[in-house]
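A.B. asks: for reference, the sequence and a predicted model appear below.
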Amino acid sequence: MVVYSEDHTQETRRRGRIEVICGSMFSGKTEELIRRMKRAKFARQRVEIFKPAIDTRYSEEDVVSHDSHSIACTPIDSSASILLFTSEIEVVGIDEAQFFDEGLIDVCKQLADNGVRVIVAGLDMDFKGNPFGPMPQLCAIADEVSKVHAICVKCGELASFSHRTVKSDKQVLLGETAEYEPLCRVCYLRALEQDDSNK
Ligand SMILES: Nc1ncnc2c1ncn2[C@@H]1O[C@H](COP(=O)(O)OP(=O)(O)O)[C@@H](O)[C@H]1O
Ligand SMILES: Cc1cn([C@H]2C[C@H](O)[C@@H](COP(=O)(O)O)O2)c(=O)[nH]c1=O
Ligand SMILES: [Zn+2]
């Protein structure tokens with residue numbers, strides 16, 4: 001899939017649509033979200049960006065990528081709050097969508113049905129390789145899904161998996177390079193075997 005193609009028609013068309021950016025940790029989801037939101041701002045569109053308030057890793061009030069790109073956002077506790085802040089908004093960005101409640105699916109649908117361009121970024125899989133939160137349904141109803149990839153830190157192939165390197169079985173555990181590493185399928189399966197033999 002070509003992610004960085006310049007699809008000017010869709011970008012400036014001012015039609016309701018849902019775009020999903022998904023992949024593993026470190027795959028560039030946040031960078032791509034920021035890039036699209038900044039271009040919408042340059043086009044003088046009214047934009048609003050949201051993230052779950054629990055995501056306080058780099059900043060409480062900005063969406064920040066692992067490479068320190070950032071954009072101001074509104075932290076919210078529940079997907080229902082998005083509708084309260086978006087009456088005049090043309091482009092809505094949502095980061096870390098995997099942490100939101102299932103209500104996010106209907107919120108995105110309502111916005112798009114009302115002519116809003118919705119750009120959602122999130123982890124498609126958790127550390128166990130299972131679908132994460134509302135992401136699978138969002139992919140299903142999206143007009144466009146961009147799957148982005150990190151580089152496997154073991155072998156240099158494309159990585160689709162986020163391997164947790166610390167002991168915890170909770171689905172939600174905020175973290176960065178100290179807690180997670182992006183791996184390709186082969187290296188991920190090998191790492192899980194290693195984890196099992198260390199138990
Ligand atoms: N193994 C890796 N593969 C690719 N990018 C990496 C890796 N480790 C660190 N990075 C950094 O992460 C950046 C992407 O960060 P970000 O957009 O926040 O990703 P995501 O939101 O998908 O976690 C890259 O531009 C790069 O600087
Ligand atoms: C795999 C996995 C990740 N998380 C957490 C770790 C980070 O805080 C975010 C993902 O951030 P990124 O922008 O995609 O790098 O999610 C988690 O809670 N559970 C998991 O299984
Ligand atoms: Zn690998």
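C.D. replies: Okay, I see it. Ligands and ions are numbered 1, 2, ... in the order given.
A.B. asks: now for whatever helix or strand Cys22 lives in, which elements pack on it?
C.D. replies: For Cys22, the host element (DSSP states H and E) is strand 17-23. Helices and strands touching strand 17-23, as assessed by 3 or more CB pairs under 8 Å, 6 or more residues apart in numbering; DSSP states H and E, comprise helix 29-42, helix 103-113, strand 117-123, helix 135-141, strand 144-148. In short, each C-beta sits where N, CA and C put it, glycine included.
A.B. asks: pick the most deeply packed of these.
C.D. replies: Sort these by mean neighbour count, taking mean count of other CB atoms under 10 Å, and strand 117-123 sits at the top with a mean of 26.
A.B. asks: in CSV, could you pull the C-alpha coordinates for that strand?
C.D. replies: Backbone C-alpha positions of strand 117-123 (Å, rounded to 0.1, in the frame of the first residue of the first chain) are rendered in CSV as follows:
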residue,chain,number,x,y,z
ARG,A,117,-13.5,14.1,7.4
VAL,A,118,-12.5,11.8,10.2
ILE,A,119,-8.9,10.6,10.5
VAL,A,120,-8.3,7.9,13.1
ALA,A,121,-4.9,6.5,14.2
GLY,A,122,-4.5,3.5,16.5
LEU,A,123,-2.9,0.2,17.2
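A.B. asks: tell me the gap between that strand and the middle of its chain.
C.D. replies: 6 Å (CA atoms, centre = their mean, to the nearest Å).
A.B. asks: possible to save the helices and strands packed on strand 17-23 as JSON lines with distance to Phe85?
C.D. replies: Output for the helices and strands packed on strand 17-23, formatted as JSON lines (distance: least, CB to CB, whole Å):
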{"stretch": "helix 29-42", "distance to Phe85": "15"}
{"stretch": "helix 103-113", "distance to Phe85": "11"}
{"stretch": "strand 117-123", "distance to Phe85": "13"}
{"stretch": "helix 135-141", "distance to Phe85": "19"}
{"stretch": "strand 144-148", "distance to Phe85": "24"}
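A.B. asks: please produce CSV containing these, extended by distance to Ala191 and mean pLDDT.
C.D. replies: Formatted as CSV, those follow (distance: least, CB to CB, whole Å; pLDDT from 0 to 100):
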stretch, distance to Ala191, mean pLDDT
helix 29-42, 22, 97
helix 103-113, 30, 98
strand 117-123, 17, 98
helix 135-141, 22, 98
strand 144-148, 21, 98
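A.B. asks: still on that earlier bit, and the strand holding Cys22, average pLDDT?
C.D. replies: Across strand 17-23, the average pLDDT comes to 98.
A.B. asks: that one near ligand 2 at all?
C.D. replies: No - legend: contact between strand 17-23 and ligand 2 by CB under 6 Å from any ligand atom is lacking; minimum distance shown is 7.9 Å.
A.B. asks: list the neighbouring strands of that strand plus their orientation.
C.D. replies: strand 117-123 (parallel), strand 144-148 (parallel) (DSSP bridges).
A.B. asks: which one of the ones you listed lies closest to ligand 3?
C.D. replies: Ranking the strands paired with strand 17-23 by their distance to ligand 3 (criterion: CB to the ion) puts strand 144-148 first, at 16.6 Å.
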